[in-house]
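>>> Here is the input, now give the coordinates:
(one chain, ligands or ions: 1)
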Amino acid sequence: MSQSSQDVTVLEELSANKSFGGVYKRFRHYSRVLDCPMIFGIFLPEQAAHPRPKLLWWLSGLSCTDENFMQKAGAHRLASQLGLAIVCPDTSPRGLDLPGEHDAYDFGSGAGFYLNATEAPWRDHYRMYDYVLEELPQVVRANFELAERESIFGHSMGGHGALVLALRNPGRYASVSAFSPIVNPTAVPWGEKAFSGYLGEDRESWKQYDACELILAGSGKSDRLALFVDQGEADGFLENQLKTERLEQACAVSGHPLWLRRQPGYDHSYFFIASFVDDHLRYHAERLD
Ligand SMILES: N[C@@H](CCC(=O)N[C@@H](CSC=O)C(=O)NCC(=O)O)C(=O)O
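Below is the predicted model of the structure:
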C-alpha cells in the first residue's frame, strides 16, 4: 500500500504510562493531510469512572513536540478527576527535510503555526490547520470513545492556534483558552517571519490566521465565544511578540467577550502553565458538561 492510501486512523502505540488513575499514551499514525507520519499524545482518565471522557485539545508552542505539555504542565491529576481526555498534537509536520526546515526554532519543524501554507515547498506538508481541525479529530474519534463536545487551549504559538481555530469555527468548540498567546501574528516578528514564508507576501491572506484581525472582522456577530487568557507580566516575549494589549483593544472595539488575567511575576515557561493549568481545566470541564 502506498503511503498516501494508508488508513490515517490506524495507530501504532509507542508508549503507555499509567498516571493518576488514567493513562498517558503516545501514538504514531500516517497523516494524509501533512503527507508524513505524525505522533500525538493522549491522556485518558480512568475508564471505569469516565467511560466517555470530555475532549480537550492542547496546542503547544514553538520548539515543542507532542510531549512538552504532558511532561511539564502537571495536568493529569485534575484531568483524571474531571473526566477530561487531553490530546496533544505535534507542532509541525515531521520526518521531512525541506530546505532550511530545521535551521531555526521559529520556522519550519516545531513551528507550523497551525495554518495551511500556500507557498512552495511548505504547501505540500505544512497544513496544521486542517490537521488539527479535521484529520486528527477523525483519527482520535475513530479510536477512542469520547463525548461529542470538545474544547481547545494552547500556549504561545499554540495559544494563537487555539484562538484562531475557535474564532474561525463558531460552534465547533465549547470553550477556548490560552496561556501567553501570540494574538496579532501579522504584526510581530515571529508571525511576520512565519507568515511570509508559509503564506507569501500578500498580507491580506495573513489575516485569516490572526486572532485580533478575526475579532475585528467579526464585530457585531452574535455567536462570539468568550476568550479566557492568562498572561504572565514578567514574560520576556510580552512586549515584542505577544502584545496582549492588542487583544484587549480588539475585543473592546468589537464587543468580544474576553477574560484576561495578567499574572504578576510569571514568565513564558511551563512553570507558568503548571501554576494555572487547573483553572483552565476547570473552565473547560464546566463548559463541556
Ligand atoms: N529560543 C527558545 C524559544 C522556544 C520557546 O521558548 N518555546 C516555548 C514556546 S514560545 C512560543 O510559541 C516553549 O514552550 N518551549 C518549550 C518548553 O518546554 O519550555 C528555544 O528554542 O529554546
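>>> Every contact and neighbour count from this point should use C-alpha atoms.
Fine.
>>> how near is the residue nearest in space to the middle of the chain to residue 27?
In the chain, the C-alpha closest to the average C-alpha coordinate belongs to residue 59, at a distance of 2.3 Å (Cα atoms, centre = their mean). Separation of residue 59 from residue 27 (Cα to Cα, to the nearest Å) stands at 16 Å.
>>> about what we covered before: pretty sure the residue nearest to the centre of the chain is touching residue 164, no?
No. The pair formed by residue 59 and residue 164 falls short of the contact definition of Cα atoms under 8 Å, at 11.5 Å.
>>> what secondary structure does the nearest residue to residue 254 once chain neighbours are set aside sit in?
Taking Cα to Cα, 6 or more residues apart in numbering, and ignoring the residues beside it in sequence, residue 254 has residue 219 as its nearest neighbour in space, at 4.5 Å. Three-state assignment for residue 219 (DSSP: H, G, I helix; E, B strand; the rest coil): coil.
>>> ditto for the one 10 residues further on
Classification of residue 229 using three-state DSSP returns strand.
>>> show me what contacts it?
Shown in contact with residue 229 (Cα atoms under 8 Å, 6 or more residues apart in numbering): 177, 178, 179, 180, 181, 258, 259, 260, 261.
>>> quick one: the helices in this structure?
Using DSSP state H, the helices of the chain run over residues 68-72, 76-82, 128-130, 136-143, 157-168, 189-199, 203-206, 211-217, 244-254, 270-288.
>>> Make CSV from these and add mean neighbour count to it.
Putting the helices of the chain into CSV (neighbours: other Cα atoms under 10 Å) gives the following:
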stretch, mean neighbour count
helix 68-72, 17
helix 76-82, 20
helix 128-130, 21
helix 136-143, 16
helix 157-168, 27
helix 189-199, 20
helix 203-206, 14
helix 211-217, 22
helix 244-254, 17
helix 270-288, 17
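>>> Filter the contacts of residue 229 down to the ones in strands?
Judged by DSSP state E, strands contain the following of these: 177, 178, 179, 258, 259, 260, 261.
>>> Check those residues for burial and list the buried ones.
Of the members of the ones in strands among the contacts of residue 229, the ones counted as buried by neighbours, 16 or more other Cα atoms under 10 Å, are 177, 178, 179, 258, 260.
>>> Closest one of those to residue 146?
Here the nearest of those to residue 146, counting by Cα to Cα, is residue 177; it sits at 20.6 Å.
>>> Distance of that closest one relative to the ligand?
Distance of residue 177 to the ligand, given as Cα to the nearest ligand atom, to the nearest Å: 15 Å.
>>> Do you know the pLDDT at that residue?
The confidence metric pLDDT takes the value 98 at residue 177.
>>> now residue 186
Here, the pLDDT recorded for residue 186 equals 98.
>>> Leaving out sequence neighbours, find the closest residue to it.
Residue 186 sits nearest to residue 192 (Cα to Cα, 6+ apart), 5.6 Å away.
>>> what's the answer for residue 100, then?
For residue 100, ignoring the flanking residues on the chain, the nearest one in space by Cα to Cα, 6+ apart is residue 108 at 7.4 Å.
>>> wait, what's in contact with residue 42?
With contacts defined as Cα under 8 Å, 6+ apart, residue 42 is in contact with 24, 25, 26, 85, 86, 87, 88.
>>> Tell me what it is bridged to.
The residues paired with residue 42 through beta bridges, assigned by DSSP bridges, are residue 25, residue 87.
>>> Begin at 283, not 1, for the rest of this chat.
Let's use 283 as the start, then, which means that last one is residue 324.
>>> So it versus residue 420, what's the distance?
Between residue 324 and residue 420 the computed distance is 14 Å (Cα to Cα).
>>> Next: residue 296.
Counting by Cα to Cα, the gap from residue 296 to residue 420 is 20 Å.
>>> JSON lines for the contacts of residue 324, including distance to residue 554 and neighbour count?
Rendered in JSON lines, the data for the contacts of residue 324 read as follows (distance: Cα to Cα, whole Å; neighbours: other Cα atoms under 10 Å):
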{"residue": "306", "distance to residue 554": "22", "neighbour count": "21"}
{"residue": "307", "distance to residue 554": "24", "neighbour count": "18"}
{"residue": "308", "distance to residue 554": "24", "neighbour count": "20"}
{"residue": "367", "distance to residue 554": "22", "neighbour count": "27"}
{"residue": "368", "distance to residue 554": "19", "neighbour count": "28"}
{"residue": "369", "distance to residue 554": "20", "neighbour count": "26"}
{"residue": "370", "distance to residue 554": "18", "neighbour count": "24"}
